[in-house]
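Colleague: Show me how the following folds:
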Amino acid sequence: MRHLLGPLAAPVTYSRWLHLLIPSAVVSLWLFISMDTPWMPCLFAVPVGLLPSMRLAEGLQAQLLLTPGEHGTDFSISAARAVTWGDRWRTVAWLEVRLLLTAAAGFATVWLPATTFDLLGVSLGATPSSNWLTGVLQARWLCALFAPLPMLLLLGLVVLCGEVATASARGLLGPSPTERMTALEERTEQLLERNRIARELHDSIGHALTVAVVQAGAARTAGNPEFTARALAAIEETGRHALEDLERVLRVLRESDLPAGAHPTLAEADRLLESARVSGAEIHVDMTGPLDLVPVPVSREGYRILQESLTNVLRHAGAVPVRVRIVVVKERLELEVTNPLAGSRRGPGGGSGLRGIRERAALLGGKAITGPHEGDWRVYASLPLDRIR
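Modeller: Predicted coordinates:
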């Protein structure tokens, strides 16, 4: 029972009914002029619906009265001028459907309450205004019994016509299949961009904080003014780069139309390596191959993988020897970072940083392996170059 009576208690049911009754003013005006051509409003709706601004007007009205709770969603009724001829003809079809529903709603709104009033009058002894009542219902008790039925039918039509109008508006005034696909692609791009920004913040800010913590701890225990000065300089430089990265990301978030801007690439790997060296790590580097020919997306993700790998070394293993190998061979970029596993406080491999490394490699069609390897901890990433070119 609640399921049946629920729509009657919803305000949107009656706003939809109002939406259907609005065109009845134009239809009634035409019928006052000419009763012989009741189909003329449907013919007149064709040139009106072809006007680009008519789709905007109908979309706004349908949003406010048919789907007030869905305003602004991607798949609700759109409110925009018609751009293509397909949009214009869909607007024409919507106007024709709306006029037909208006005719049914207007007739039911007038005739059904009048029938109930007539039945009640006959049950009280009045003369029926409709001849069909005299032939069908001659007993007063039958008139009293059937008097509520027209009003119940009217309430059912209120709900039914509103649902039909809303479904028609979603199909005819809503986004086309192409527009829906475009909206899905844009939403997917936004989600991918958000995930990428989250990884950027994790890698950049996490690296800066790790270096700062390690340097501050080392300077506090060293008792060497020269070492303390170098540590403070390293903290200052790392913090400055982190602030630049943070400002760039925040600018992208504040202004969604702006491009992400220049991202660090492997051409700036020396900055990372020097920062790790100043933090106490002994870095041995092997770079071979034409790194300057590596596509920017691959070089950018390779930089972030190297950054996260060095951050993990400093965070979990401290000042230990680290071997870094960056090689371009057979249309692939191979990046490997290894450090002694002994003394490391790291567990078997699941944090968000390691997961981010694997995600970055997978997005480029490559692979990343993290974990113990021959007594060392190894991060290995292999990124294809041909797919990006």
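
Colleague: how about the residue positioned nearest the centre of the chain, secondary structure?
Modeller: Nearest to the mean C-alpha position of the chain, counting by Cα atoms, centre = their mean, stands residue 187 at 4.0 Å. Of the three states, residue 187 takes helix under DSSP: H, G, I helix; E, B strand; the rest coil.

Colleague: which stretches of the stretch 51-200 of the chain aren't confidently modelled?
Modeller: Scanning the stretch 51-200 of the chain for pLDDT under 70 picks out the ranges 70-75, 125-141, 176-186, 188-190, 192-193, 196-197, 199-200.

Colleague: Tell me where the stretch 101-250 of the chain has helices.
Modeller: 131-136, 140-146, 148-172, 177-222, 225-254 (DSSP state H, counting those that start in this stretch).

Colleague: List of residues touching the third one?
Modeller: Residues external to helix 148-172 that are found in contact with it (Cβ atoms under 8 Å, 6 or more residues apart in numbering): 7-8, 12-14, 16-17, 19-20, 62, 66-67, 75-77, 90-91, 93-94, 97-98, 101, 104-105, 108-109, 112-113, 115-116, 119. (Each C-beta comes from the backbone N, C-alpha and C, glycine too.)

Colleague: What's the PyMOL syntax to select whichever of these are buried?
Modeller: In PyMOL, this line selects whichever of those come out buried by 16 or more other Cβ atoms under 10 Å:
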select buried, resi 7+13+16+17+19+20+62+66+67+76+77+90+91+93+94+97+98+101+105+108+109+112+115+116+119
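
Colleague: my read: residue 339 touches residue 318, true?
Modeller: No: the criterion here is Cβ atoms under 8 Å, and residue 339 misses it with residue 318 at 9.6 Å.

Colleague: Please tell me how far the residue nearest to the centre of the chain sits from residue 371.
Modeller: 35 Å (Cβ to Cβ, to the nearest Å).

Colleague: ok so, going back, so for residue 339 and residue 318, which residue has more residues nearby?
Modeller: The residue with more neighbours, out of residue 339 and residue 318, is residue 339; 28 against 17, by other Cβ atoms under 10 Å.

Colleague: got the phi/psi numbers for the more buried one?
Modeller: phi -150, psi 160 (degrees, to the nearest 10).

Colleague: What distance do you get for it to residue 325?
Modeller: Using Cβ to Cβ, we find residue 339 at a distance of 12 Å from residue 325.

Colleague: cool, residue 382 as well?
Modeller: 12 Å.

Colleague: hey, what's in contact with both of these two?
Modeller: 334, 335.

Colleague: What are the contacting residues of the host helix or strand of residue 359?
Modeller: If you go by DSSP states H and E, residue 359 is part of helix 352-363. Outside helix 352-363, the residues that touch it by Cβ under 8 Å, 6+ apart are 195, 199, 202-203, 206, 301, 304-305, 308-309, 311-312, 367-368, 370, 379, 381-383.

Colleague: Then stretch 84-100?
Modeller: Contacts for stretch 84-100 (Cβ under 8 Å, 6+ apart): 20, 23, 27, 41-42, 45-46, 48-52, 54-55, 58, 82, 165, 168-169, 172-173, 176.

Colleague: Narrow those to those that are buried.
Modeller: Buried subset of these (neighbour count, 16+ other Cβ under 10 Å): 20, 23, 27, 41, 45, 49-50, 54-55, 58, 82, 165, 168-169, 172-173.

Colleague: Need the max-distance pair from the residues you listed.
Modeller: Of all pairs drawn from these, the greatest distance, 23.6 Å, lies between 27 and 82 (Cβ to Cβ).

Colleague: Show me the protein divided up by domain.
Modeller: In terms of domains, the chain is parsed into 2-175, 181-384 (source: automatic domain parsing).

Colleague: that older thread, for the helix holding residue 359, which positions count as buried?
Modeller: Neighbour count says helix 352-363 has 353, 354, 356, 357, 358, 360, 361 buried, by 16+ other Cβ under 10 Å.

Colleague: distance of the first one from residue 154?
Modeller: If I follow you right, that is residue 353. Counting by Cβ to Cβ, the gap from residue 353 to residue 154 is 65 Å.

Colleague: Kindly confirm my reading that residue 379 forms part of a strand.
Modeller: Yes: the assignment for residue 379 by three-state DSSP puts it in a strand.

Colleague: I'd like to know the beta-bridge partner residues of it.
Modeller: Beta-bridge pairing for residue 379 (DSSP bridges): residue 337, residue 370.

Colleague: how close does the residue nearest to the centre of the chain get to residue 206?
Modeller: Residue 187 is 28 Å from residue 206, by Cβ to Cβ.
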